[in-house]
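Q: please find the sequence and the predicted model below.
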Amino acid sequence: MSGGSVHNEHRPSVLVVDDQKEIRELAMLALQDAGYSVRCAEHGAAALEAVSRERLAVILLDMHMPVMDGWQFARAYRLIPAPHVPLVVMTAAQDAGRYAAEVDADRFLSKPFELDELLATIDELTGRRPN
């Protein structure tokens with residue numbers, strides 16, 4: 001057997017949708033370090049393309065983005081035939097819970113969020129235990 005990672009095909013894939021490059025990179029690094037496969041999109045339209053190509057476990061979704069915002073993405077995503085993966089809203093808005101409810105999200109993270117909180121949320125939604 002070669003030295004490559006045998007576990008890559010079993011790593012849950014997370015899609016990070018945010019127009020802020022720093023947020024995408026921070027989430028990607030933290031999730032990859034925790035053993036997740038990560039894809040990124042800078043707006044909802046790119047996220048819809050990724051959803052059509054990738055088998056995902058969770059979608060982290062910013063709400064305020066150019067091109068296609070989180071509300072528009074969530075509506076379009078719900079029109080795609082099931083199964084649907086959990087949505088986690090990420091927002092700096094005061095009422096993050098209301099935003100999450102508006103798009104029928106499974107969880108929300110208020111920005112700025114702690115990396116431990118991010119990882120705990122993703123671990124819970126994917127059924128994984130922390131390393």
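A: Yep, it's here.
Q: got a list of what residue 107 touches?
A: Residue 107 makes contact with 86, 88, 89, 100, 121, 125 under the criterion Cβ atoms under 8 Å, 6 or more residues apart in numbering. Every residue, glycine included, has its C-beta placed from N, CA and C.
Q: pLDDT weak spots in the chain?
A: The chain contains residues with pLDDT under 70 at 1-9, 129-131.
Q: any idea which residue sits dead centre in it?
A: residue 60 (2.2 Å; Cα atoms, centre = their mean).
Q: could you dump the helix or strand residue 75 falls within to PDB, C-alpha only?
A: Assigned by DSSP states H and E, residue 75 belongs to helix 70-79. The C-alpha trace of helix 70-79 is given here as PDB (Å, rounded to 0.1, in the frame of the first residue of the first chain):
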ATOM      1  CA  GLY A  70     -27.900  33.100   1.200                       C
ATOM      2  CA  TRP A  71     -31.700  33.500   1.000                       C
ATOM      3  CA  GLN A  72     -31.700  33.000  -2.800                       C
ATOM      4  CA  PHE A  73     -29.300  30.100  -2.500                       C
ATOM      5  CA  ALA A  74     -31.500  28.400   0.200                       C
ATOM      6  CA  ARG A  75     -34.600  28.800  -1.900                       C
ATOM      7  CA  ALA A  76     -32.900  27.400  -5.000                       C
ATOM      8  CA  TYR A  77     -31.300  24.600  -3.000                       C
ATOM      9  CA  ARG A  78     -34.600  23.400  -1.600                       C
ATOM     10  CA  LEU A  79     -36.000  23.100  -5.100                       C
END
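Q: in that helix, what counts as buried?
A: Residues of helix 70-79 classed as buried: 70, 72, 73, 74, 77 (neighbour count, 16 or more other Cβ atoms under 10 Å).
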